[in-house]
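Enquirer: Build me a model from this:
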Amino acid sequence: MKLRVGLIGLGDFWQQRHAPALRMLSDRFELRAVCDQVAHRAHLVATEFGATAVDGFRVLTRREDVDAILILAHQWYGALPVLAACEAGKAVYCAGGFDLSVEDAVRIKDRVEEAGIAFMAEFPRRYAPATLRLKELIATRLGNPRLLFCHQRSVADAPGNPSTCRGSRPSGSRSLVELVDWCRYVVDREATWVSGVMHPSTCKQGEEDYQMMSLDFSDSKCPGSGAIAQISCGRYVPAHWQEAITYRPLPALQVSCERGIAFVDLPATLVWFDEAGRHQESLESERPVGEQLLTQFHRSVTSLIRKTSDLEDSYKALLIVEQARRSQQEGRRVALT
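Expert: Sure thing, here's the model as predicted:
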């Protein structure tokens with residue numbers, strides 16, 4: 001079955017991830033309409049794919065020749081495109097779910113459940129070849145994770161640069177939410193405690209240039225029985241210091257397991273150690289992340305079984321980051337219920 005889709009917002013990864021995936025999966029997807037904040041970009045993409053450029057996301061969601069909506073950037077729209085898709089009964093692929101506030105996430109969660117539509121949040125770190133191989137090794141060779149160290153270092157926003165997303169979260173918090181979901185996926189159980197530390201930015205008032213949290217996956221009645229993840233996101237390097245941002249980067253994820261240790265660099269590099277020594281795997285030949293994500297979305301739309309776990313996982317990751325902020329404010333670790 002070929003899905004007729006409409007795009008709302010092109011986002012930062014259109015050229016690298018989404019456009020190539022739509023071309024490769026042309027037997028499963030047909031692009032029919034495009035809506036973007038920059039009309040010229042929408043016209044260019046529509047011309048390239050033989051689609052129609054549309055003025056306004058509401059017009060797009062109501063088109064009869066569109067079966068599903070791909071929201072690749074929220075821009076100023078916030079939660080409105082998802083709510084409009086719910087009203088029209090259209091399936092939603094949401095690549096910008098981490099841009100939402102907790103309040104908007106609750107609204108979307110309720111409306112999607114009420115509408116009964118298929119909803120998929122984009123988790124690119126989950127479907128990266130290195131992550132999928134890591135999960136295989138955990139199940140077969142390395143054993144359960146004990147300690148996780150997850151880091152992201154990126155450039156700081158310029159002073160006075162306003163956010164383009166109405167009601168969006170600070171960009172550092174968005175990154176932290178994605179890292180939280182990644183660690184939850186690798187450990188494959190719920191965290192019970194969180195503690196957070198945040199350093200205020202000198203460039204943008206009300207934001208942080210460094211955020212760190214510790215997630216405890218132990219049983220609530222048995223402290224120390226589960227894995228602990230240390231997650232950090234730094235945005236303290238000025239944008240014009242290009243050499244500094246690439247100097248000695250840490251692995252995106254380091255996992256110490258029962259019988260070995262693994263170092264992950266996205267999307268396709270994995271180095272791991274066990275009693276036999278060092279093993280290095282390059283997984284460039286695996287299917288690109290964009291194709292895997294859209295293939296999963298096609299299955300969720302065409303399947304008779306409605307999948308809602310992505311919606312729950314997005315909400316839980318947002319909530320954990322909010323509780324880490326509360327931990328920083330109150331100076332104590334916070335239970336996750």
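
Enquirer: Could you use CA atoms for every contact and neighbour count after this?
Expert: Will do.

Enquirer: Give me the distance between the residue of the chain most remote from its centre and residue 259.
Expert: Distance from the C-alpha centroid of the chain peaks at residue 276, with 34.5 Å (Cα atoms, centre = their mean). Using Cα to Cα, to the nearest Å, residue 276 is found at 11 Å from residue 259.

Enquirer: what about the closest residue to residue 52 other than its chain neighbours, neighbour count?
Expert: Spatially, and ignoring its direct neighbours in sequence, residue 52 is nearest to residue 33 (4.6 Å; Cα to Cα, 6 or more residues apart in numbering). Residue 33 is flanked by 28 other residues according to other Cα atoms under 10 Å.

Enquirer: Then residue 33 would be within a helix, right?
Expert: No. Counting by DSSP: H, G, I helix; E, B strand; the rest coil, residue 33 falls outside a helix, being strand.

Enquirer: Quick check, it in contact with residue 59.
Expert: No. Using Cα atoms under 8 Å, residue 33 is not in contact with residue 59, being 9.9 Å away.

Enquirer: what ranges of the stretch 201-337 of the chain fall below the confidence cut-off?
Expert: 203-206, 307-308 (pLDDT under 70).

Enquirer: how about the strands of it, start to end?
Expert: 208-216, 228-237, 253-257, 260-265, 269-274, 277-282, 334-335 (DSSP state E, counting those that start in this stretch).

Enquirer: how about these in CSV, adding distance to residue 94 and mean neighbour count?
Expert: What follows is those, written out as CSV (distance: least, Cα to Cα, whole Å; neighbours: other Cα atoms under 10 Å):
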stretch, distance to residue 94, mean neighbour count
strand 208-216, 25, 22
strand 228-237, 23, 21
strand 253-257, 24, 22
strand 260-265, 24, 20
strand 269-274, 26, 18
strand 277-282, 29, 11
strand 334-335, 29, 17
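
Enquirer: got JSON lines for the ones you listed, with distance to residue 318 too?
Expert: Formatted as JSON lines, the strands of the stretch 201-337 of the chain follow (distance: least, Cα to Cα, whole Å):
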{"stretch": "strand 208-216", "distance to residue 318": "13"}
{"stretch": "strand 228-237", "distance to residue 318": "14"}
{"stretch": "strand 253-257", "distance to residue 318": "20"}
{"stretch": "strand 260-265", "distance to residue 318": "24"}
{"stretch": "strand 269-274", "distance to residue 318": "28"}
{"stretch": "strand 277-282", "distance to residue 318": "32"}
{"stretch": "strand 334-335", "distance to residue 318": "15"}
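
Enquirer: Tell me if residue 45 really is in a helix.
Expert: Yes. Residue 45 sits within a helix when classified using three-state DSSP.

Enquirer: can you pull the contacts of it?
Expert: The contact partners of residue 45, by Cα atoms under 8 Å, 6 or more residues apart in numbering, come to 34, 51.

Enquirer: same check, this time on residue 20
Expert: residue 290.

Enquirer: Give me the distance between it and residue 154.
Expert: From residue 20 to residue 154 the distance is 25 Å (Cα to Cα).

Enquirer: Next: residue 7.
Expert: For residue 7, the distance to residue 154 - Cα to Cα - is 28 Å.

Enquirer: So for the two, which residue has more residues nearby?
Expert: Neighbour totals were compared for residue 7 and residue 154, and residue 7 leads with 27 against 17 (other Cα under 10 Å).

Enquirer: now that one, what's its secondary structure?
Expert: Strictly by three-state DSSP, residue 7 counts as strand.

Enquirer: so it touches residue 73, yeah?
Expert: No. Contact criterion Cα under 8 Å: residue 7 and residue 73 do not qualify, at 9.3 Å.

Enquirer: and the longest helix along the chain, how far out from the chain's middle?
Expert: In the chain, taking DSSP state H as the definition, the longest helix is helix 309-330. Centroid separation between helix 309-330 and its chain, computed with Cα atoms, centre = their mean, to the nearest Å, is 14 Å.

Enquirer: Quick one: list the elements packing against that helix.
Expert: helix 102-115, strand 119-121, helix 171-187, strand 193-200, strand 334-335 (3 or more Cα pairs under 8 Å, 6 or more residues apart in numbering; DSSP states H and E).

Enquirer: Please repeat the previous calculation with a cut-off of 6 Å.
Expert: Here helix 309-330 touches helix 171-187, strand 193-200, going by 3 or more Cα pairs under 6 Å, 6 or more residues apart in numbering; DSSP states H and E.

Enquirer: Surely residue 26 is in a strand?
Expert: No. The assignment for residue 26 (three-state DSSP) gives coil, which keeps it out of a strand.

Enquirer: in the stretch 1-150 of the chain, which spans are strands?
Expert: 3-8, 29-35, 52-53, 68-71, 91-94, 119-121, 145-155.

Enquirer: domains in this structure, as residue ranges please.
Expert: For the chain, automatic domain parsing gives the domain ranges 3-117, 125-286+319-335.

Enquirer: from the chain's centre, how far out does the longest one sit?
Expert: Between the centre of domain 125-286+319-335 and the centre of its chain there are 12 Å (Cα atoms, centre = their mean).

Enquirer: likewise the first one?
Expert: Here domain 3-117 shows a centroid-to-chain-centroid distance of 16 Å under the convention Cα atoms, centre = their mean.
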